[in-house]
Each structure stands twice: as structure tokens, then as C-alpha cells.
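A.B. asks: Here is a sequence together with a model predicted from it:
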Amino acid sequence: GIQVEQSPPDLILQEGANSTLRCNFSDSVNNLQWFHQNPWGQLINLFYIPSGTKQNGRLSATTVATERYSLLYISSSQTTDSGVYFCEDGQNFVFGPGTRLSVLP
Amino acid sequence: DTEVTQTPKHLVMGMTNKKSLKCEQHMGHRAMYWYKQKAKKPPELMFVYSYEKLSINESVPSRFSPECPNSSLLNLHLHALQPEDSALYLCASSQDAVGAFYNEQFFGPGTRLTVL
């Protein structure tokens, strides 16, 4: 089956810093989503991005389907950005292992 | 409205109990999903219903029994669970399911299950 990798596994930032999270796929992906899981377990939709680039406020995402990766950019990070970020292959319903982000005040 | 609701929020049950988890969506979605998430791990797919029919069962033990009474509701019946089944159970829905061109998923808040 398809393998989904995410890097880095853990990230600690000072408030106001920028970061880039990466998601790699072992095979082509047609439906790619990024989620933020808050401390209570809720998975919050960030982007549905099979290809191209999208932006939503301080967050943006880029998927290069031909090269089997997607990037999530977080700018001017805030403490409320803390949590776990997952990418998911929405065609095979496989999640990556996640990136655990901690933003310090 | 992009809301998926799940009840109960928390559930504690013994190994001999029978209980059910419920999930509801009113987005007109025709696919619904159950995922299981253990602590510090990603969600793992258990079941997919498409147009009220079970389309994917990821080799889940029979002590978990899904049911889709109609296109808005999804249940997960639990019986004779083991302590290792303790986890966060997440429900999701999407416009369509396997092979769909557009298939953005929306997740509920989850039910945190503890099996004693």
C-alpha cells in the first residue's frame, strides 16, 4: 500500500517564527488533505490540495503531485498553532505519522 | 454547515458491555467513515460506507460492528472489547468515497473510549 511520510516529526518554535512541514508519498496521490489536530483531538481541515498552491491567512500549502510531495507553510506562528499536523492521502485514506508542533510564547 | 457530530464524547465500558457510538452529518454527504486513533499515532481507517453500503472493512475484528441506517447516520456497535481497544474513535464524511474526483473529508470531534 501507499506510504506517507512527514517531516520533521517534532518542531519547537518561538512565537512569530515561520516553518515548513513536508509530506512525502510513495505513489501518486489524487486527493491530499492537511489537518491540524488540536489538544482535544478534533481534526480541523486546513487544506484540500490535490495539486497547486492555496493560501488561507498565515497558512499556505503547495502540492507537487508529479514529485509526490506537499508542503505546509506556517508564517508568524502563534501559540494556538500548537498541536499535531497530519497530511492524508484521501484516496487510500492513509494518514502520515504527523508533525508535532509546539509554539512557545 | 460542515459539521459532523459524535456522541458520546467519552465512554467507559467493561469488557462484557455492549455499547454504541453514533455519528451524524447533515451535509448531504454519501460517504461516511470510522477511524481509530491510539495515543501519539495517526488515525487508522476502520470502515467506509458509500451510499449506505459497506465498501471498505480494514480487517477489523468482529467485536466492532458498523451500521449505516441512512445516509446521515453512522453507528459503531461495540461488544466484548479488550483494554487495547481503548482509543479515540473518529467519524468522518465526504461527498463521495472511493475513486471520487473530489473527496474532501470532514471529521467529527471523536469519542474517547476507555475499556476496563
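C.D. replies: Received it, and whenever you're ready, just let me know what you need.

A.B. asks: Just want the phi and psi numbers for residue 43.
C.D. replies: All of this is about chain A. Per-residue torsions, A:L43: phi -90, psi 120 (degrees, to the nearest 10).

A.B. asks: let's do chain B instead
C.D. replies: For B:P43, the backbone dihedrals (degrees, to the nearest 10) come out as phi -60, psi 140.

A.B. asks: Stretch B:67-82 near chain A at all?
C.D. replies: No. If you take C-beta under 8 Å from any C-beta of the partner chain as the test, stretch B:67-82 misses chain A, and the best it gets is 15.0 Å. (Each C-beta comes from the backbone N, C-alpha and C, glycine too.)

A.B. asks: from the chain's centre, how far out does that stretch sit?
C.D. replies: Distance, stretch centre to chain centre, for stretch B:67-82: 7 Å (C-alpha atoms, centre = their mean, to the nearest Å).

A.B. asks: If you count neighbours, what's buried in that stretch?
C.D. replies: By 16 or more other C-beta atoms under 10 Å in any protein chain shown, the buried positions in stretch B:67-82 come out as B:68, B:71-72, B:74-76, B:78, B:81.

A.B. asks: and chain A, which residues reach chain B?
C.D. replies: Counting by C-beta under 8 Å from any C-beta, chain A comes close to chain B at A:30-31, A:33, A:35, A:40-43, A:45, A:48, A:86, A:88, A:90-91, A:93-98.

A.B. asks: got the contact list for the strand or helix carrying A:F35?
C.D. replies: Taking DSSP states H and E as the criterion, A:F35 maps to strand A:32-37. Contacts with strand A:32-37, where a contact means C-beta atoms under 8 Å, 6 or more residues apart in numbering or on different chains, come from A:23, A:43-50, A:61, A:63, A:65, A:70, A:72, A:81, A:83-90, A:98, B:104-105, B:107.

A.B. asks: now do stretch B:19-32
C.D. replies: Defining contact as C-beta under 8 Å, 6+ apart, one finds that stretch B:19-32 is touched by B:1-8, B:11, B:13, B:34, B:48-51, B:68, B:71-78, B:89, B:91-97, B:100, B:103, B:106, B:108, B:111, B:113.

A.B. asks: Perfect, I'm done here.
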